[in-house]
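Undergrad: sequence below, structure please.
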Amino acid sequence: MRQLEFNLTPRAEHHGSIEPWLYRFEKGTLLEEIDSRRYVYGLWDKMFGCWEIDTESHASREFVPSWVPLNSRGIWRDHLEIRFENAPKDGWLLSPKWRYEANAAFAGLFSSIPGRIRSVVAPLARYQWLALDMIWQVPEFVHFLDEEIFNGTQQYVFACLALSKANRLSRSKRRELAKAIMTSKRSQLLSQLSTVPCTKKTIRLLYKLGNRPCSPNTYQTLIEFACHDPCSKSLQHISHIEPHALGLIGEFPKGFLTENLTRIIFEAPDDCQMLSVIDDYEVGSGFRTTVDIFPEMSSRWKERISRSLRTVRNFDALPGWGERWAQRLTEIIQFPSPPFTAIHHLIPLATPRAVRQEAKEMRNCVSRLIGSILTGHAYFYSWDGHEPATVLIEHTNDSGWQLSQAYGYNNDELSVETHDRIKHVVALALANRVGPDRS
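TA: Below you'll find the model as predicted:
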């Protein structure tokens, strides 16, 4: 059989293509050029680093790439996957010639880096380039990283890199950071970078985040939670912390979180996440209603809710607990008077029970705004005309009460005729209001 020739068709022959990228090695560097931009990659045995140069102004800046050049074995990945892994593949093509040249060029660049070093930085995902830079400047950093990865404590390194915004630091500052990570007391360095006091307990919690880098917000949230919230004690007995569970913690109002609820969230974060976004007409919506009402309750009722919540043992019991409390709270809460009484087909939802019933019948999430109603910032009306609708009236300091939104069943848009009719009725009702405004 005859080997077919490689398709090295120039990029310009492809529909939707841009100017070709050019590669060449010159004076210890790899040059990558496109349009008026030039990227300079220093070779490992010369001066490793990355610079962007504007060929028109000749201005240059050093940068640390965030794209991941190496696979899990420390071998360079296909350049198409590296640069365009999140881009849609339909509608445009990349030249096989460009891919061939790019892969050959970067294979040559990374071949000069010792295989042991590449294998150490391979698990560091978006920090691969940064770690290579720090190793080149501080060679002993590779041994430190190797030990951290072997011991499963690399989250300490990730946290330092994330909180310091290491990829934005100057070259000399990155060198100082590498030395500090290796030699400083861990709790002290993290306290400095996060501006929150850290303890050994905080460090142990960091190690439970797994082996992948997290966002700076994840590390900051965990450190603040461990420092300020007594409920963080419940995490000491959990073997693994899902990063997105920390985001769920921040959704609860002050004083609502209990140790057992914290444990439930971290043991079943996916289930709790579904509960946090559940629609008001679904089973379990009472939990969200209880959470939303909680900030507006008196201290006595808050204590009763917390005391009751501490008896919930697992996630399966949480929806039922929420339903019972939502029912109870919506029976005792007194809504403020509506901005205006019923007019034509517009009927005020003057009780929590009426709001929850509207949510179920219209399949929307209006009961999540009960807190806004209690604070006097919003009010809901039901439109019982030919095309039913839920109408939201909001109050601002500048304009007073005014129509905010009106939606049909399942939050569908209303017909223009119905929306205009509701707008007219609301304007008429507000114009004929009797009594002082809320302001």
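Undergrad: residues contacting the residue nearest to residue 117 when sequence neighbours are not counted?
TA: Computed as Cβ to Cβ, 6 or more residues apart in numbering, the closest residue to residue 117 that is not its neighbour in sequence is residue 142, at 5.5 Å. In short, each C-beta sits where N, CA and C put it, glycine included. Shown in contact with residue 142 (Cβ atoms under 8 Å, 6 or more residues apart in numbering): 116-117, 120, 135.
Undergrad: same thing with residue 157?
TA: 145, 148, 181.
Undergrad: could you do residue 63 as well?
TA: With contact taken as Cβ under 8 Å, 6+ apart, residue 63 is in contact with 50-52, 167.
Undergrad: could you redo the last one with a cut-off of 6 Å?
TA: Going by Cβ atoms under 6 Å, 6 or more residues apart in numbering, residue 63 touches 50, 52.
Undergrad: likewise for residue 296?
TA: 371, 374.
Undergrad: residues in contact with residue 43?
TA: 28, 112.
Undergrad: what about it, distance to residue 142?
TA: Distance, residue 43 to residue 142, by Cβ to Cβ, to the nearest Å: 18 Å.
Undergrad: can you find the helix or strand in the protein with the smallest mean pLDDT?
TA: Within the chain, judged by mean pLDDT, DSSP states H and E, the helix or strand with the poorest mean is helix 79-84; its value is a mean of 65.
Undergrad: who does the helix or strand just after that helix touch, helix- and strand-wise?
TA: Sequence-wise, the next helix or strand downstream of helix 79-84 (DSSP states H and E) is helix 96-111. On a contact count with 3 or more Cβ pairs under 6 Å, 6 or more residues apart in numbering; DSSP states H and E, helix 96-111 meets helix 79-84.
Undergrad: selecting buried members of the contacts of residue 142 in PyMOL, what would you type?
TA: Filtering the contacts of residue 142 down to the buried ones (16 or more other Cβ atoms under 10 Å) takes a single PyMOL command:
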select buried, resi 117+120+135
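Undergrad: any idea which of the contacts of residue 157 is closest to residue 217?
TA: Using Cβ to Cβ, residue 181 comes nearest to residue 217 of those, at 20.3 Å.
Undergrad: which SS class is the closest one?
TA: helix (DSSP: H, G, I helix; E, B strand; the rest coil).
Undergrad: now do stretch 285-301: distance to the chain's middle.
TA: Mean-position distance between stretch 285-301 and its chain equals 26 Å (Cα atoms, centre = their mean, to the nearest Å).
Undergrad: and it, what's buried?
TA: By neighbour count on 16+ other Cβ under 10 Å, the buried set for stretch 285-301 is 285-294, 296-297, 301.
Undergrad: swap in stretch 350-357?
TA: 350, 352, 354-357.
Undergrad: circling back: how far away is the residue nearest to residue 117 from residue 30?
TA: Per Cβ to Cβ, residue 142 is found 22 Å from residue 30.
Undergrad: over to residue 110?
TA: For residue 110, the distance to residue 30 (Cβ to Cβ) stands at 10 Å.
Undergrad: in the strand or helix carrying residue 300, which residues are buried?
TA: Secondary structure assignment for residue 300, by DSSP H and E: helix 299-309. Burial within helix 299-309, assessed by neighbour count using 16+ other Cβ under 10 Å, is assigned to 301-302, 305, 309.
Undergrad: repeat for stretch 422-433
TA: For stretch 422-433, burial by neighbour count (16+ other Cβ under 10 Å) applies to 422, 425-426, 429-430.
Undergrad: can you map out the strands along the protein?
TA: According to DSSP state E, the chain carries its strands in the segments 22-26, 29-34, 37-42, 49-54, 60-62, 346-348, 378-383, 389-396, 400-407.
Undergrad: would you list these in JSON lines and tack on mean neighbour count, mean pLDDT and distance to residue 173?
TA: Shown next, in JSON lines, are those (neighbours: other Cβ atoms under 10 Å; pLDDT from 0 to 100; distance: least, Cβ to Cβ, whole Å):
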{"stretch": "strand 22-26", "mean neighbour count": "13", "mean pLDDT": "87", "distance to residue 173": "29"}
{"stretch": "strand 29-34", "mean neighbour count": "18", "mean pLDDT": "87", "distance to residue 173": "23"}
{"stretch": "strand 37-42", "mean neighbour count": "18", "mean pLDDT": "90", "distance to residue 173": "18"}
{"stretch": "strand 49-54", "mean neighbour count": "16", "mean pLDDT": "90", "distance to residue 173": "14"}
{"stretch": "strand 60-62", "mean neighbour count": "12", "mean pLDDT": "89", "distance to residue 173": "11"}
{"stretch": "strand 346-348", "mean neighbour count": "20", "mean pLDDT": "94", "distance to residue 173": "60"}
{"stretch": "strand 378-383", "mean neighbour count": "24", "mean pLDDT": "94", "distance to residue 173": "48"}
{"stretch": "strand 389-396", "mean neighbour count": "20", "mean pLDDT": "93", "distance to residue 173": "46"}
{"stretch": "strand 400-407", "mean neighbour count": "17", "mean pLDDT": "92", "distance to residue 173": "48"}
